[in-house]
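**Student:** below is the structure, and that's it, no one-letter string:
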């Protein structure tokens, strides 16, 4: 879910920080108060282009930042995998941000680190869905429609999707391996030479050796300071000539020895002095041993540098991102060479592995298709019922499954179709509906299939009465399963909110817009305003009494 949204100097909003609830969140306010600025902030997180007009009068730039909970395995998806390296260690959530300069230039951030706008938008679209142009783009995307249908199928289907991703990656690896071994004799000989070079160039390398060598190099680079410090400490403790700390401690102990029998309370101090002398002489001995090691091999730094250069060169040559990957590749190369020496045919083994991977992808795709075929009808009926509850037809919604080339989500494509008017043919949702109508279709689909945080800007456009009640009911049902944020002018929707925010224009020089969360009594006043104000309600009551 969207935990919080922070806005700074965006159009008329000087500063706002919204902490959102897991269920239904509503944003209300007078016409012209600036509710659409909130929608603009969300749009920027979804990849909308920056514009100088976004920057308010309160500074040199505008800034939008959102903090989300991060669903499991989301960053493993290919479309957003570029951001994985930016993620701080042990960070469970994700923070996305956009900054817009007064000249229209923008910068995008993930966890406070610079990132490509396209990557931020791709991740944002997997965490957040917004009505309007973004909803149209999302509903037109086959991958989204398939994901919603699979979500409706249930947890078993989501596990199958995860299996399909793994199976597809394994198939891609098996294909690459098979191609490498079947490209011809020259390619096979080149691969064999690379395997032998990899084993030879990593001979003697052990796990953890690179880190140990780096630590040793750092110590050897400061050899002079180490020698001087160790020698000074040794001299202070137990010098060759004269008395150091150990000798002085021994002198003190000897001074107490004749008198401790006369005063038993001195025995403890004498024992501590004897123990201290022993420990000081042991420390001096350890320092001398360390000093001897430092001076034993003056050429050791050169050896360490050479070994680290050898590791770096091997990593570059064999295109390994880490020392651990280099060792893993070397172990695989050694195992393959040993199999070759034993008469093992790698080409035949690669062909068998490829066949197994292809069969696995086909099996998982077939399981996915059976579940989708069984769920398509009930899903369409449920969406149609939601649409009817919002006065948008009576059953004119279908899900069409089409075969496509196999991929990471199977071999199916789902297409959501709607009949815009009686007698007209069914057509893709994204091509048929627009504006508030599209938002209500998206709401119906989400209410049935679930999904990410949904933001609605136009859901109540041109509706009222029973339809407004129907939309409010659907939003409330959806909010029990997913987070919803909606900008609305309808009291029927506002009264269902778990959190209620009001947008208010504050006159001044310059005029600015404020967004604040409402307390219970403030919510009552705001809903009363949305109903027409106290005077309107009084007149309504008079009419009912009369």
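**Tutor:** On my side now, so go ahead. As the structure is a prediction and not an experimental result, all values here were calculated from the model.
**Student:** following the helix or strand hosting residue 371, which helix or strand shows up next?
**Tutor:** Element membership for residue 371, per DSSP states H and E: helix 346-389. With elements assigned by DSSP H and E, the helix or strand that comes after helix 346-389 is strand 397-407.
**Student:** and that next one, what other elements does it pack with?
**Tutor:** For strand 397-407, the contact count by 3 or more C-beta pairs under 8 Å, 6 or more residues apart in numbering; DSSP states H and E identifies helix 346-389, strand 410-418 as packing neighbours. Quick note: C-beta positions are derived from backbone N, CA and C, even for glycine.
**Student:** closest one to residue 183 among these?
**Tutor:** With C-beta to C-beta, the closest approach to residue 183 among the helices and strands packed on strand 397-407 belongs to helix 346-389: 10.6 Å.
**Student:** ok and that closest one relative to strand 397-407, angle-wise?
**Tutor:** Compare the direction of helix 346-389 with that of strand 397-407 by axes from the mean of the first three to the mean of the last three C-alpha atoms, to 10 degrees and you get 170 degrees.
**Student:** got the angle for helix 346-389 vs strand 410-418?
**Tutor:** Between the axes of helix 346-389 and strand 410-418, defined by the same axes, to 10 degrees, the angle is 20 degrees.
**Student:** what distance separates helix 346-389 from the centre of its chain?
**Tutor:** Distance of helix 346-389 from its chain centroid, counting by C-alpha atoms, centre = their mean, to the nearest Å, is 27 Å.
**Student:** do the same with stretch 141-155
**Tutor:** On C-alpha atoms, centre = their mean, the centre of stretch 141-155 falls 21 Å from the chain's centre.
**Student:** just the buried residues of it, please?
**Tutor:** 142, 144-153 (16 or more other C-beta atoms under 10 Å).
**Student:** of those residues, closest to residue 388?
**Tutor:** Using C-beta to C-beta, residue 152 is the member of the buried residues of stretch 141-155 that lies nearest residue 388, at 18.1 Å.
**Student:** the closest one contacts residue 448, correct?
**Tutor:** Yes - Residue 152 is within contact range of residue 448, at 6.2 Å (criterion: C-beta atoms under 8 Å).
**Student:** show me whatever sits in contact with both of those two.
**Tutor:** Contact criterion C-beta atoms under 8 Å, 6 or more residues apart in numbering; residues shared by residue 152 and residue 448: 379, 382.
**Student:** pull the number of nearby residues for residue 181.
**Tutor:** Burial of residue 181, expressed as a neighbour count using other C-beta atoms under 10 Å, amounts to 18.
**Student:** doesn't residue 66 belong to a strand?
**Tutor:** Yes - following the definition DSSP: H, G, I helix; E, B strand; the rest coil, residue 66 is counted among the residues of a strand.
**Student:** list the contacts of it.
**Tutor:** Neighbours of residue 66 in contact, by C-beta under 8 Å, 6+ apart: 2, 4-6, 45, 95-97, 124, 128.
**Student:** could the residues you listed go into JSON lines alongside secondary structure and neighbour count?
**Tutor:** Output for the contacts of residue 66, formatted as JSON lines (DSSP: H, G, I helix; E, B strand; the rest coil; neighbours: other C-beta atoms under 10 Å):
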{"residue": "2", "secondary structure": "strand", "neighbour count": "23"}
{"residue": "4", "secondary structure": "strand", "neighbour count": "13"}
{"residue": "5", "secondary structure": "strand", "neighbour count": "21"}
{"residue": "6", "secondary structure": "strand", "neighbour count": "17"}
{"residue": "45", "secondary structure": "helix", "neighbour count": "26"}
{"residue": "95", "secondary structure": "strand", "neighbour count": "19"}
{"residue": "96", "secondary structure": "strand", "neighbour count": "25"}
{"residue": "97", "secondary structure": "strand", "neighbour count": "21"}
{"residue": "124", "secondary structure": "helix", "neighbour count": "27"}
{"residue": "128", "secondary structure": "strand", "neighbour count": "22"}
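**Student:** which of those lies closest to residue 275?
**Tutor:** Closest approach to residue 275 among those (C-beta to C-beta): residue 95, at 55.7 Å.
**Student:** run through the bridge partners of the closest one.
**Tutor:** With DSSP bridges applied, residue 95 shows beta-bridge pairing to residue 67.
**Student:** I figured it was touching residue 70, is that so?
**Tutor:** No - between residue 95 and residue 70 no contact is recorded; they are 10.0 Å apart, counting by C-beta under 8 Å.
**Student:** which other residues reach stretch 323-330?
**Tutor:** Outside stretch 323-330, the residues that touch it by C-beta under 8 Å, 6+ apart are 198-199, 202, 205, 207, 209-210, 311, 314-315, 318, 320.
**Student:** one more: stretch 256-264?
**Tutor:** 266-267, 269-270, 273.
**Student:** same question for stretch 91-103.
**Tutor:** When contacts are taken as C-beta under 8 Å, 6+ apart, the neighbours of stretch 91-103 outside the stretch itself are 3, 44-45, 50-52, 54-55, 60-70, 87, 106-112, 117, 120, 123-124, 127.
**Student:** narrow these to those in helices?
**Tutor:** Judged by DSSP state H, the subset of the contacts of stretch 91-103 located in helices is 44-45, 117, 120, 123-124, 127.
**Student:** out of the residues you listed, which is nearest to residue 519?
**Tutor:** Distance to residue 519, by C-beta to C-beta, is smallest for residue 45 among those, at 28.0 Å.
**Student:** look at that closest one and report its pLDDT.
**Tutor:** pLDDT for residue 45: 85.
**Student:** list the residues that contact it.
**Tutor:** 64, 66, 96-98, 120-121, 124, 128.
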